[in-house]
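In: got a predicted model here, sequence first, then my questions.
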Amino acid sequence: MTRPEAPTPELEALFHDLILDHYRRPRNKGELAGATARGAVVNPTCGDEIAVEVVVDGDVVRAVRFTGRGCSISQASASMMTSAAQGRTRDELRDTAHHFGAMLRGETVDADRLGDLRALGGVARFPARLPCALMAWRALDAALGTQTI
């Protein structure tokens, strides 16, 4: 695995725009009818809240939605996470969550595996914002009974 090179100013702007787009027009936000599991997380430092509901069929997450409120990072991350989780197995989600968490900790990862989640890589420069970016993944862990992050 290689550490991604520092993004160009153009790429930084694109990532910023993608984060704002997911914040302003979140994907998969709202309650999930027929949810088979639910997990919720609250950040006691800032009060952000994320709840994740899933429909799991065997080992596959067939549907996932989130509710909650918070900063642009927590809400955009939840939107991106739900998009990344649809149709994935627990093992695939564990792998994605591992790479996402490693990227946020500034570790060497193959960022191309992360899709839109890659846009949140800049959060690594702001340790106080890491809990915001990880909230949705922790709520997903609570819903699935896993520990990925």
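Out: Yes, it's here.
In: counting neighbours, which bits of stretch 76-96 end up buried?
Out: Buried residues in stretch 76-96, counted by 16 or more other C-beta atoms under 10 Å: 76-85, 88, 90, 93-94, 96. Yep, even glycine has a C-beta here, placed from its N, CA and C like the rest.
In: just the ones in helices from those residues, please.
Out: 76-85, 90, 93-94, 96 (DSSP state H).
In: just the helices in the chain please.
Out: 9-24, 72-85, 90-104, 130-144.
In: what residues does the longest one touch?
Out: Translated: helix 9-24. The contact list for helix 9-24 (C-beta atoms under 8 Å, 6 or more residues apart in numbering) reads 7, 72-73, 75-77, 79-80, 116, 118-122.
In: just send these back as JSON lines, with pLDDT and distance to Arg129 too.
Out: Output for these, formatted as JSON lines (pLDDT from 0 to 100; distance: C-beta to C-beta, whole Å):
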{"residue": "Pro7", "pLDDT": "65", "distance to Arg129": "17"}
{"residue": "Ser72", "pLDDT": "94", "distance to Arg129": "10"}
{"residue": "Ile73", "pLDDT": "95", "distance to Arg129": "5"}
{"residue": "Gln75", "pLDDT": "97", "distance to Arg129": "13"}
{"residue": "Ala76", "pLDDT": "97", "distance to Arg129": "11"}
{"residue": "Ser77", "pLDDT": "97", "distance to Arg129": "10"}
{"residue": "Ser79", "pLDDT": "98", "distance to Arg129": "16"}
{"residue": "Met80", "pLDDT": "97", "distance to Arg129": "15"}
{"residue": "Asp116", "pLDDT": "91", "distance to Arg129": "17"}
{"residue": "Arg118", "pLDDT": "92", "distance to Arg129": "16"}
{"residue": "Ala119", "pLDDT": "93", "distance to Arg129": "13"}
{"residue": "Leu120", "pLDDT": "94", "distance to Arg129": "9"}
{"residue": "Gly121", "pLDDT": "92", "distance to Arg129": "12"}
{"residue": "Gly122", "pLDDT": "90", "distance to Arg129": "9"}
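In: kind regards, and thank you for your time.
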